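[1] I'd like to go over a predicted model; first the sequence, then the structure.
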2 protein chains.
Amino acid sequence: MSDRRTEILRAATRVIARRGVRGLRVGELAAEAGVSTSLIYYHFSDRAGLLRRTLDFISDRADHYTAEPDPAPRTEDPRADLEQVLLLELQDTVEVRENSIAWGELRATAVFEPDLREDLARTTHTWVHDVAELLARADPGGTAPAHAAAAERLTALVEGLSVRWHSGSLPVEHARLLLRGAIGAELDRHDPAGRGAPAAAAGAGSGVGFGRS
Amino acid sequence: MSDRRTEILRAATRVIARRGVRGLRVGELAAEAGVSTSLIYYHFSDRAGLLRRTLDFISDRADHYTAEPDPAPRTEDPRADLEQVLLLELQDTVEVRENSIAWGELRATAVFEPDLREDLARTTHTWVHDVAELLARADPGGTAPAHAAAAERLTALVEGLSVRWHSGSLPVEHARLLLRGAIGAELDRHDPAGRGAPAAAAGAGSGVGFGRS
DNA sequence: TGCACCGAACTGAAAATTCAGTCAAGCATT
DNA sequence: AATGCTTGACTGAATTTTCAGTTCGGTGCA
């Protein structure tokens, strides 16, 4: 855990959060990690390999991220738990910002590198799944497909708000407000005519899949 | 409109949609546009200048994109108009895909390049504004701040769904379904307790602003 | 004549990648 | 307990690759 190799991965995450995946210079990473450039090639075959491992590392961390608060805030106020988990991503602290930016980079990079997609889709899927469970707790009346769809919407929204935040189009506090509003819209929906109903909207499958471009 | 210079910008957009901003090689762009490398330096001072113009070009196009269907589908069924405009971005055609990917790149790049942020925020703002107007038409009962907030949510969601689509985490058709569902959630909301109400959520300002990281 | 353009050779710098070799910890020998 | 052998972690200094950007002679054309 505290070996040199992992330290390099940690440093790589930091550098990526600062410069972006494609802005990462092996030399700069070496400096950041306080090791020699060659050590990086010793541990990882080449830049591409390093990147692959780092992105694994990032999505792993993103997993635990969501998984961590599981034992703590459950069963009291389900809606508050839900807000808690989602708003976690819109927190202006070094750690969250780093992770969030790195995750965004992972997303953006995957658009041009098909290799990353599978991992990414898997991590996304578990995140959506976790949120869907929280939704089910907060809204026991709804159907499972409806919860799945709402979870996909809310998590996608979090990602959308995050980039806007990090790209300077939206202050964090406002993003938080908007997200809370969205949770409200999803939970307080009692559509009278059944138009665009969640059950219908979720008919096509269980959620995350692999699309053809 | 059909001069060489604009053709280069169009080609640049195509290349960016294929390789990303940081993956754009001046040589490759020249090949794509069918011109010589030197011509690019003839028209644009350097790579950075080229990029600046191209990104202007992209956000301009994104503007007209939304503005274009204005004359056509107005005043009959406001809700359908709204769906129309938003769903436009989740259309699996070369043109839309190119533009959408390029826009996403612009977003992602802006995270690490503060120069781009102002332009980006401006374009985002007009988009949000347009959608807010459509929302007002579709839901005359609501307040302006509520519409503004809903518009920010829906447009951010579109961006979130788009990256997921392009990064292979979500098939387009499913993304479209989800978006329709979100529109439903925003329009059919009649929250009983006023919790997380749109009016409250929009209290902090008129919408898009410039956040400090 | 001057503008838009080609094309190919070239420079320079920034990166990535390689490599020969050091250092220290183990570990079996005698 | 000194000896030599091995192995993994690590370094510094090359070497190689990749690009942006330049230069210049030349072409068609209004």
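    It's in. Numbers count the residues shown, from 1 in each chain, chains lettered A, B, ... in the order given.
[2] going forward, measure contacts and count neighbours with C-alpha atoms only.
    Will do.
[3] low-confidence ranges, chain A, go.
    Scanning chain A with the threshold set as pLDDT under 70 gives A:1-2, A:65-75, A:190-213.
[4] residues from chain A in reach of DNA strand C?
    A:24-27, A:37-38, A:41, A:45-48 (CA under 7 Å from any atom of the strand).
[5] one more time with 6 Å
    A:24-27, A:37-38, A:41, A:46-47 (CA under 6 Å from any atom of the strand).
[6] can you tell me which of those residues are classed as buried?
    Burial by neighbour count, 16 or more other CA atoms under 10 Å in any protein chain shown: within the residues of chain A next to DNA strand C this picks out A:24-26.
[7] redo these as TSV? Include secondary structure.
    Shown next, in TSV, are those (DSSP: H, G, I helix; E, B strand; the rest coil):
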residue	secondary structure
A:L24	coil
A:R25	coil
A:V26	helix
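[8] now render the residues you listed as JSON lines, adding distance to A:L86.
    Rendered in JSON lines, the data for these read as follows (distance: CA to CA, whole Å):
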{"residue": "A:L24", "distance to A:L86": "29"}
{"residue": "A:R25", "distance to A:L86": "33"}
{"residue": "A:V26", "distance to A:L86": "34"}
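[9] quick one on the thing from earlier: out of the residues of chain A next to DNA strand C, what pair is the most spread apart?
    A:L24 and A:S38 (15.6 Å; CA to CA).
[10] the helices in chain A, which residues?
    For chain A, the helices defined by DSSP state H occupy A:4-19, A:26-33, A:37-43, A:47-67, A:78-87, A:94-110, A:117-138, A:144-166, A:172-187, A:198-201.
[11] most tightly packed of those?
    The highest mean neighbour count among the helices of chain A, using mean count of other CA atoms under 10 Å in any protein chain shown, belongs to helix A:144-166: a mean of 25.
[12] for it, name the packing helices and strands.
    Counting contacts by 3 or more CA pairs under 8 Å, 6 or more residues apart in numbering or on different chains; DSSP states H and E, helix A:144-166 is packed against helix A:94-110, helix A:117-138, helix A:172-187, helix A:198-201, helix B:94-110, helix B:144-166, helix B:172-187.
[13] B:R61 is nearest to which of the ones you listed?
    Nearest to B:R61 among the helices and strands packed on helix A:144-166 is helix B:94-110; the distance by CA to CA comes to 8.0 Å.
[14] residues from chain A in reach of DNA strand D?
    Residues of chain A lying near DNA strand D by CA under 6 Å from any atom of the strand: A:4, A:35-36, A:38-39, A:42.
[15] export those to CSV and tack on distance to chain B?
    Supplementary listing: the residues of chain A next to DNA strand D in CSV, determined by distance: CA to the nearest CA, whole Å:
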residue, distance to chain B
A:R4, 28
A:V35, 25
A:S36, 26
A:S38, 25
A:L39, 26
A:Y42, 26
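[16] quick check: the farthest pair among the residues you listed?
    It's A:R4 and A:S38 that sit farthest apart of these, by CA to CA, at 13.0 Å.
[17] and the helices of chain A as TSV, adding distance to B:A151?
    Compiled in TSV, those are given as follows (distance: least, CA to CA, whole Å):
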stretch	distance to B:A151
helix A:4-19	29
helix A:26-33	40
helix A:37-43	46
helix A:47-67	28
helix A:78-87	20
helix A:94-110	22
helix A:117-138	23
helix A:144-166	12
helix A:172-187	10
helix A:198-201	20
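[18] who wins for proximity to B:T126 among those helices?
    Closest approach to B:T126 among the helices of chain A (CA to CA): helix A:144-166, 14.4 Å.
[19] using PDB, write out every CA atom in the closest one.
    C-alpha atoms of helix A:144-166 as PDB (Å, rounded to 0.1, in the frame of the first residue of the first chain):
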ATOM      1  CA  ALA A 144     -37.200  -0.900  -9.600                       C
ATOM      2  CA  PRO A 145     -36.800   0.200 -13.200                       C
ATOM      3  CA  ALA A 146     -38.000   3.700 -12.300                       C
ATOM      4  CA  HIS A 147     -35.300   3.800  -9.600                       C
ATOM      5  CA  ALA A 148     -32.700   2.600 -12.000                       C
ATOM      6  CA  ALA A 149     -33.600   5.300 -14.500                       C
ATOM      7  CA  ALA A 150     -33.700   8.000 -11.900                       C
ATOM      8  CA  ALA A 151     -30.300   6.800 -10.600                       C
ATOM      9  CA  GLU A 152     -28.800   7.000 -14.100                       C
ATOM     10  CA  ARG A 153     -30.200  10.500 -14.500                       C
ATOM     11  CA  LEU A 154     -28.900  11.700 -11.200                       C
ATOM     12  CA  THR A 155     -25.500  10.300 -11.600                       C
ATOM     13  CA  ALA A 156     -25.200  11.600 -15.100                       C
ATOM     14  CA  LEU A 157     -26.300  15.000 -13.800                       C
ATOM     15  CA  VAL A 158     -23.600  14.900 -11.100                       C
ATOM     16  CA  GLU A 159     -21.000  14.300 -13.900                       C
ATOM     17  CA  GLY A 160     -22.500  17.100 -16.000                       C
ATOM     18  CA  LEU A 161     -22.500  19.600 -13.100                       C
ATOM     19  CA  SER A 162     -19.000  18.600 -12.100                       C
ATOM     20  CA  VAL A 163     -17.400  19.400 -15.400                       C
ATOM     21  CA  ARG A 164     -19.300  22.700 -15.500                       C
ATOM     22  CA  TRP A 165     -17.900  23.400 -12.100                       C
ATOM     23  CA  HIS A 166     -14.400  22.500 -13.000                       C
END
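[20] how distant is that helix from the center of its chain?
    10 Å (CA atoms, centre = their mean, to the nearest Å).
[21] got the end-to-end distance for stretch A:85-103?
    Taking CA to CA, to the nearest Å, the first and last residues of stretch A:85-103 lie 16 Å apart.
[22] how far does that stretch sit from the chain's center?
    For stretch A:85-103, the distance to the chain centre is 9 Å (CA atoms, centre = their mean).
[23] please list the outside residues in contact with it.
    For stretch A:85-103, the surrounding residues in contact (CA atoms under 8 Å, 6 or more residues apart in numbering or on different chains) are A:13-14, A:16-18, A:20, A:58-59, A:62, A:66, A:69, A:155, A:158, A:162-163, A:166, A:172, A:175-176, A:179, B:213.
[24] go on, stretch A:8-17?
    So stretch A:8-17 is contacted by A:23-24, A:28-30, A:32-33, A:40, A:53-54, A:57-58, A:98-99, A:101-102, A:105 (CA under 8 Å, 6+ apart).
[25] please apply the same query to stretch A:43-60.
    Identification of contacts with stretch A:43-60 by CA under 8 Å, 6+ apart yields A:5, A:9, A:12-13, A:21, A:26, A:40-41, A:99, A:102-103, A:106, A:116, A:119-120, A:123.
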